[in-house]
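what's the 3D shape of this:
(chains A and B)
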Amino acid sequence: DGGITQSPKYLFRKEGQNVTLSCEQNLNHDAMYWYRQDPGQGLRLIYYSQIVNDFQKGDIAEGYSVSREKKESFPLTVTSAQKNPTAFYLCASSESEGISNQPQHFGDGTRLSIL
Amino acid sequence: GNSVTQMEGPVTLSEEAFLTINCTYTATGYPSLFWYVQYPGEGLQLLLKATKADDKGSNKGFEATYRKETTSFHLEKGSVQVSDSAVYFCALSEGGSARQLTFGSGTQLTVLP
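This next block holds a predicted model:
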């Protein structure tokens, strides 16, 4: 079955540590996205990528970094500069960034907590 | 900019009750509208969508109609089940950018047997 795989499901970060969240899709989608979800809030866009080797900042990019070396992979690094990283992180993909009616497909998320 | 306002939760209903979750939006153009559902510990799943005014999206007994005159996209279901307990998100997108989806804050629905 085609889909989006996020790993790990749970992740713990120590102070001053960088951690990387994995996102892989086998849907052959061009566009990929990272969102952050906090309790009682909607999703906020961190970074997005339209094609390989290209990505743009979303609304809350500070303290995060990404790469897009392969079409199917879009890892997110939460750096030590992100002072409040505890949240649920969701990765998504869609067929084409220029078509507004194409839905985004989501992974099952990674829950990041601070030790 | 674009925004989505959802009915605040949580919403608690008895099984077989009628459900309405209100959603209104602000957009500069003519967006597509979506409802997503999130079950505990999972990601979001697309529930239904509508791409132009007066379109009705429907799936699994849920319906929503794109009302341009009231800028609304309310979610309805005639008879809810315990398995419908989840968080529901209204979202909009406008073309031309990968920064497509603007989400509402979500509405927690609990259905009691």
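
which other residues reach the lowest-mean-pLDDT helix or strand in chain B?
The weakest-scoring helix or strand in chain B, judged by mean pLDDT, DSSP states H and E, is strand B:102-103 (a mean of 90). Defining contact as CB atoms under 8 Å, 6 or more residues apart in numbering or on different chains, one finds that strand B:102-103 is touched by A:42-43, B:2-4, B:36, B:89-93. The way it works is simple: take the backbone N, C-alpha and C, and place the C-beta from them, glycine included.

Give the buried subset of these as a ChimeraX selection command.
Here is the ChimeraX command that selects the buried residues among the contacts of strand B:102-103 (16 or more other CB atoms under 10 Å in any protein chain shown):
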select /A:42,43 /B:2,4,36,89,90,91,92,93
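
export the contacts of strand B:102-103 to CSV and tack on pLDDT?
What follows is the contacts of strand B:102-103, written out as CSV (pLDDT from 0 to 100):
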residue, pLDDT
A:42, 83
A:43, 90
B:2, 86
B:3, 90
B:4, 94
B:36, 95
B:89, 95
B:90, 95
B:91, 93
B:92, 91
B:93, 87
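
So which of the contacts of strand B:102-103 belong to strands?
In this view, the contacts of strand B:102-103 that belong to strands under DSSP state E are A:43, B:3-4, B:36, B:89-93.

Can you name the residues that contact the residue nearest the centre of chain A?
The centre of chain A sits closest to residue A:34, judged by CA atoms, centre = their mean, with a distance of 2.7 Å. Applying CB under 8 Å, 6+ apart to residue A:34 gives the contacts A:23, A:45-48, A:58, A:64, A:66, A:74, A:76, A:89-92.

Tell me where the model's unsure across chain B.
B:95-100 (pLDDT under 70).

ok, which stretches of it are strands?
B:3-6, B:11-14, B:19-21, B:23-26, B:32-38, B:44-50, B:56-59, B:62-65, B:75-77, B:86-93, B:102-103, B:107-112.

elements contacting the fifth one?
Here strand B:32-38 is seen to pack against strand B:23-26, strand B:44-50, strand B:62-65, strand B:86-93 when contacts are counted using 3 or more CB pairs under 8 Å, 6 or more residues apart in numbering or on different chains; DSSP states H and E.

hmm, 10 Å instead?
Under the contact criterion of 3 or more CB pairs under 10 Å, 6 or more residues apart in numbering or on different chains; DSSP states H and E, strand B:32-38 touches strand B:23-26, strand B:44-50, strand B:56-59, strand B:62-65, strand B:86-93.

In CSV, list these along with distance to residue A:16.
Formatted as CSV, these follow (distance: least, CB to CB, whole Å):
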stretch, distance to residue A:16
strand B:23-26, 41
strand B:44-50, 32
strand B:56-59, 46
strand B:62-65, 46
strand B:86-93, 33
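
Go through those strands and name the closest to residue B:9.
Closest to residue B:9 of the helices and strands packed on strand B:32-38 is strand B:86-93 (CB to CB; 8.1 Å).

That closest one vs strand B:44-50, what angle?
50 degrees (axes from the mean of the first three to the mean of the last three CA atoms, to 10 degrees).

Mind listing the strands strand B:86-93 pairs with, and their directions?
strand B:32-38 (antiparallel), strand B:102-103 (antiparallel), strand B:107-112 (antiparallel) (DSSP bridges).
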